[in-house]
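> Structure for this input, please:
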Amino acid sequence: FNDDANHPNGWGTILIGGMRLGGGPYTFKEDFDNNAGTADDQRTFRSSYFILDITVPNNPVFLGEFTHDDLGFTTSYPAISRLEATEGFQSPEDDEWFVIVGSGPTDCDGSSDQGGSVFVYDLNSQQIVLTLATGEAKAMMATPVTLDIDLNYSTELMYIGETYNDVSGKMYRISPRGDPDPLVFSYKSDPAADPWLMTPFFSSVTPITASPTASIDEDDNVWVYFGTGRYFNDADKTDLTQQYFYGIKEPCPYGGCNPITDEVLFADLYNSTPVIVLTNGEVVNATANTWDTFVDEVQAEDGWYITLDPGGERVLNRPSVLGGVVLTAPFSPDDDVCGFGGTGALYAFYYETGTAYYEAILGEEVYGDDYKSIRRVELDKGITSEIGLHVGKKVESTGFIQQGTGEVLQVEVDPALDIKSGIVGWKQY
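Residues are numbered from 1 along each chain as shown. Below you'll find the model as predicted:
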């Protein structure tokens, strides 16, 4: 923005919205210029994204909109990427801001008759400056997520899921980096001239319709977390295909990814499904039998996965990460096509293993002569929302999950790692 009373130093707040499963396409032939002396014009109207300046909330200003012939329905929530041409966030005049969205389905039943695409919209030029095609047919994209690994106010990585042929999935990574050396400040701030690189991150045997989330461990590994499943039509409602939840390490976080050798394979993931963690630190159903050695056992692989509860449980929302805990709230539809709703659940994983943590996060229950930490709890009826987290004065954090019934559930979550700052030492003079 220009530097003015409402936008000091050019800063402001914008809102970007879409139409989800609304907006066409519809083709009309009309007198659009209100001139009887000219021939009627034929135009096609379709789903689009709009941009508002809401810096002054009670006086929003329309800034523009964008669409594309291959956009489909706007079911992909926009993600924002900020890149700098030169290092130093103190100079906003050389910042480049982009909106990233994926193509949606072409029919309200969640099907698609086109290939998958990712669109990059430049907020400065107000143009789509880059289109990245996945190559899969009958595809729709999920919601992207952007990641600033080293907290330098520039995006290093983006991830976006895909569903194709209605039954298969893929997770893609997009890198705007110009050099894979993390010590080199190099970003492709002009993707129209220097396109970003999109490569496969993971191939799934089941659809990916929800956004991933990401975190970083103590060894600076980037972890990506996401679940599988879809819920658009009656066939989805009664589908009992086994779905999964994944935690996968990124092999090339700063770019330079090879599209073949840097795709993580399912065979290289650790199956955490049967593993039970006791509150005394012992581990059951793993090669290792103590917590520390078990963490090393999983870390030797490229990530982990669990099979979700049988009976149609699937992930429809972005997971949350807080204090070493990954939280996801999957949903199991009522298998009666004439029935209403379904049932939700809440999983809490230790972020490096995909299991419960030895210090109970959701609670504990008797296991023989000991106690085991609980990884999954049942929720009430209704489709589940993304989990909202609140950190207050208590040791625990609070998760809020809205059900399809309108009820908001409150769940206490005890993080595995410290999430608050505090005194770590003192010295008396």
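
> buried sites along the lengthiest helix in the chain?
In the chain, assigned by DSSP state H, the helix with the most residues is helix 291-299. Within helix 291-299, the residues that qualify as buried are 291, 294-295, 297-299, counting by 16 or more other Cβ atoms under 10 Å. Any C-beta I mention is one placed from the backbone N, CA and C, and that applies to glycine too.

> Also stretch 94-106?
For stretch 94-106, burial by neighbour count (16+ other Cβ under 10 Å) applies to 95-96, 98-106.

> got those as TSV, with pLDDT columns?
Below are those laid out as TSV (pLDDT from 0 to 100):
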residue	pLDDT
95	83
96	90
98	96
99	97
100	97
101	97
102	97
103	96
104	95
105	95
106	94
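
> Inside strands: which ones of those?
Using DSSP state E, the members of the buried residues of stretch 94-106 that fall in strands are 95-96, 98-102.

> What residue, apart from its backbone neighbours, is nearest residue 416 spatially?
If the residues on either side of it in the chain are set aside, residue 416 comes closest to residue 324, at 3.7 Å by Cβ to Cβ, 6 or more residues apart in numbering.

> My guess is the one you found contacts residue 358. True?
No. Counting by Cβ atoms under 8 Å, residue 324 does not reach residue 358; the two are 11.9 Å apart.

> So which of the two has more stuff around it?
residue 358 (22 against 19; other Cβ atoms under 10 Å).

> Contact partners for that one?
Listed by Cβ atoms under 8 Å, 6 or more residues apart in numbering, the contact partners of residue 358 are 277-281, 291, 373.

> Going along the chain, name the helices of the protein.
Here the chain has its helices, by DSSP H, at 234-237, 291-299.

> and residue 42, how far is that from residue 26?
According to Cβ to Cβ, to the nearest Å, residue 42 stands 11 Å off from residue 26.

> about what we covered before: in JSON lines, list the buried residues of helix 291-299 along with pLDDT and distance to residue 240.
Formatted as JSON lines, the buried residues of helix 291-299 follow (pLDDT from 0 to 100; distance: Cβ to Cβ, whole Å):
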{"residue": "291", "pLDDT": "95", "distance to residue 240": "34"}
{"residue": "294", "pLDDT": "97", "distance to residue 240": "31"}
{"residue": "295", "pLDDT": "96", "distance to residue 240": "33"}
{"residue": "297", "pLDDT": "96", "distance to residue 240": "31"}
{"residue": "298", "pLDDT": "96", "distance to residue 240": "28"}
{"residue": "299", "pLDDT": "94", "distance to residue 240": "33"}
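
> picking that back up, can you tell which of the helices of the chain is closest to residue 189?
helix 291-299 (35.1 Å; Cβ to Cβ).

> for that closest one, packing partners?
In terms of contacts (3 or more Cβ pairs under 8 Å, 6 or more residues apart in numbering; DSSP states H and E), helix 291-299 is packed against no helix or strand at all.

> Now for residue 264, how many residues are close by?
21.

> Settle this for me: it is touching residue 248, isn't it.
Yes. Applying Cβ under 8 Å, one finds residue 264 in contact with residue 248, separated by 5.3 Å.

> any residues in contact with both of the two?
201-202, 302-303.

> and which of these is nearest residue 377?
Nearest to residue 377 among the shared contacts of residue 264 and residue 248 is residue 303, at 24.0 Å by Cβ to Cβ.

> Nearest residue to the closest one in space, ignoring adjacent ones along the chain?
Nearest one to residue 303, counting by Cβ to Cβ, 6+ apart, is residue 248 at 3.6 Å.

> again with residue 94
Distances taken as Cβ to Cβ, 6+ apart place residue 85 nearest to residue 94, at 4.7 Å, with adjacent residues excluded.

> For the chain, give me the ranges with low pLDDT.
By pLDDT under 70, the weakly predicted segments of the chain are 89-93, 336-340, 395, 418-424.

> Any figure for the gap between residue 229 and residue 210?
In terms of Cβ to Cβ, residue 229 sits 8 Å off from residue 210.

> overlap in contacts of these two?
Shared contacts of residue 229 and residue 210 (Cβ under 8 Å, 6+ apart): 315-316.

> ok so, going back, can you add distance to residue 60 and give the buried residues of stretch 94-106 back as a markdown table?
Output for the buried residues of stretch 94-106, formatted as a markdown table (distance: Cβ to Cβ, whole Å):
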| residue | distance to residue 60 |
| --- | --- |
| 95 | 22 |
| 96 | 24 |
| 98 | 22 |
| 99 | 17 |
| 100 | 23 |
| 101 | 21 |
| 102 | 26 |
| 103 | 27 |
| 104 | 25 |
| 105 | 29 |
| 106 | 31 |
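
> I'd say residue 263 and residue 199 touch.
Yes. If you go by Cβ under 8 Å, residue 263 and residue 199 touch, sitting 7.3 Å apart.

> Please list all residues in contact with the residue nearest to residue 332 when sequence neighbours are not counted.
Leaving aside its sequence neighbours, residue 332 sits nearest to residue 313 (Cβ to Cβ, 6+ apart; 4.5 Å). By Cβ under 8 Å, 6+ apart, the contact list for residue 313 reads 229, 243, 330-332, 345.

> Please report the distance of residue 145 from residue 372.
From residue 145 over to residue 372 (counting by Cβ to Cβ), the distance is 32 Å.

> same check, this time on residue 112
Taking Cβ to Cβ, one finds residue 112 at 43 Å from residue 372.

> With neighbour numbers in mind, choose between those two.
Set side by side, residue 112 and residue 372 show more neighbours around residue 112, with 23 against 20, by other Cβ under 10 Å.

> and the nearest residue to residue 373 once chain neighbours are set aside, how many neighbours?
Nearest residue to residue 373, sequence neighbours excluded (Cβ to Cβ, 6+ apart): residue 356, at 3.6 Å. Around residue 356 there are 28 other residues, counting by other Cβ under 10 Å.

> I figured residue 356 hits residue 365, correct?
No. Counting by Cβ under 8 Å, residue 356 sits too far from residue 365 to count as a contact (10.6 Å).
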